[in-house]
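J.: Give the three-dimensional model of this entry:
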Amino acid sequence: MHKIITIVALFAVVLLAACGNNGDNTLQGKKKKLEDLKAQQIKLNEDIAKLQADIAKLDPSAAQEAKAKLVAITTVQPDTFTHYIDLQGKVDAENIAYVTPQNQGGQVQAIYVKQGDYVKKGQLLMKLNNEAATTQLGPLQVQLNNAEDILRRRQTLWQQGIGTEVELTNARATVEGLQKQINAINVQLGQYNVYAPMSGVAETVNIKVGETFSPQTATIAGIQIVNISNLKVTANVPENYLGQVKEGSNIRISFPDINKTINAKVSLTGKVIDPNSRSFYIEAHLPSDNSFHPNQIAVVQIQDYSNKGAITVPVNTLQTDEEGKFVLVAVNENGKLIARKRTVAMGKMYDDTLEITSGLQPGDQIITQGYQGLYDGQLITTKA
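T.: Model (predicted):
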């Protein structure tokens, strides 16, 4: 027992010495110091365990005083482990249209849509001031009425053998000329009506009655229509994954703001590497869903590795000492449950799951809770 007290006291001295050392106060230095202390603690725990085992052999009554530490264990079973490349992406619309006038534009007289409305292709959205064209139409209509009256009289006289053919022809030409002018003005009047170029949602309506609407300013002050039934996710992939990502590749897309994840396929890959970001463009079509919106943030997860028979452990169960990486497993020894250190080799890691390539076998019981402070050889229990 005296030896155990000595070891604990020694650990306290080491800890105080380490804490009092003001050497490297950088983040990296502090992390290194923490790793050193953990390694020393593990070594001391192992020494304590060995001494307790020796004492138990020499004094059986001391072994009865040892109290088992409560832990939780999980049986290791082969499972599919998948690793993904996580990329920042966003939702884009396949079709976005800015409404533009058919003519040179003009002053807005009326607006028949508001932001968020669903509109159909060809629907009247806006009417521009057509006063100038309407002013021309009135006098022309009066002239046409007079010309048609003259033409009717000329035709009647011609049937009676009065008048000349030239007079009749001139009267007819006057009527036709005025009709063409009126038709041209009616076409102009129709161009003062602004229609939806496609079906979709009026995403922005930032034009007001009385303001000027023209083709040059339509993208700044006007109406934007988005076809939300045809959306896609776009992302940029680092060029070192060029050989792993292609059209048809399986991907997962997560939407953090709505807590939704879907499976999809890459529908398009860029053919050019961006010289600045050293990445290439990909996109994937989205299913119709009212919860998806243009410019919404998405996390694109591209599968780059899969192991159907992998041995995995929670990443937080992995520990490190001077001998390397290890996990603690529960082993039945002489009817007692004992914690044993098991050196392991790491594979890939994704989220909170770590692939183990060697050191564990199916059926091993890994300690997943209560492993903090455990040492090799410590008595444990799973019963509270």
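J.: Roughly how far does residue 26 sit from residue 349?
T.: Taking C-beta to C-beta, to the nearest Å as the criterion, residue 26 is separated from residue 349 by 26 Å. All C-beta atoms are positioned from the backbone trio N, CA, C, and that covers glycine.
J.: Compare the two (neighbour count), which wins?
T.: It is residue 349, of residue 26 and residue 349, that has more neighbours when counted by other C-beta atoms under 10 Å, with 14 against 9.
J.: Mind listing the strands the helix or strand where that one lies pairs with, and their directions?
T.: Here residue 349 is covered by strand 345-350, with elements defined by DSSP states H and E. Partner strands and pairing direction for strand 345-350 (DSSP bridges) are strand 353-358 (antiparallel).
J.: neighbouring contacts of the following helix or strand past the strand it pairs with?
T.: Later in the chain than strand 353-358, the nearest helix or strand by DSSP H and E is strand 365-369. Strand 365-369 is contacted from outside by 71-76, 313-314, 317, 327-331, 339, 360, 374, 380, using C-beta atoms under 8 Å, 6 or more residues apart in numbering.
J.: Go through strand 365-369 and flag the buried ones.
T.: By neighbour count, with 16 or more other C-beta atoms under 10 Å as the criterion, the buried positions of strand 365-369 are 365, 366, 367, 368.
J.: Could you export those residues as CSV, including pLDDT?
T.: Shown next, in CSV, are the buried residues of strand 365-369 (pLDDT from 0 to 100):
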residue, pLDDT
365, 96
366, 96
367, 96
368, 95
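J.: now those residues as TSV including distance to residue 135?
T.: Formatted as TSV, the buried residues of strand 365-369 follow (distance: C-beta to C-beta, whole Å):
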residue	distance to residue 135
365	93
366	88
367	91
368	85
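J.: now, among those residues, which is nearest to residue 194?
T.: Residue 194 has its nearest neighbour among the buried residues of strand 365-369 in residue 368, at 64.9 Å by C-beta to C-beta.
J.: any idea how far the closest one lies from residue 382?
T.: Look at residue 368 and residue 382: by C-beta to C-beta, they are 11 Å apart.
J.: Need the overlap of contacts for those two.
T.: Between them, residue 368 and residue 382 share these contacting residues under C-beta under 8 Å, 6+ apart: 72, 73.
J.: coming back round to it: other residues contacting the strand holding residue 349?
T.: So strand 345-350 is in contact with 81-84, 305, 307, 310, 315, 318, 325, 354-359, going by C-beta under 8 Å, 6+ apart.
J.: now do 7 Å
T.: 83, 84, 305, 315, 325, 354, 355, 356, 357, 358, 359 (C-beta atoms under 7 Å, 6 or more residues apart in numbering).
J.: Next up, the contacts around the third one.
T.: Residue 305 makes contacts with 83, 348, as judged by C-beta under 7 Å, 6+ apart.
J.: Need the three-state assignment for it.
T.: Per DSSP: H, G, I helix; E, B strand; the rest coil, the secondary structure class of residue 305 is strand.
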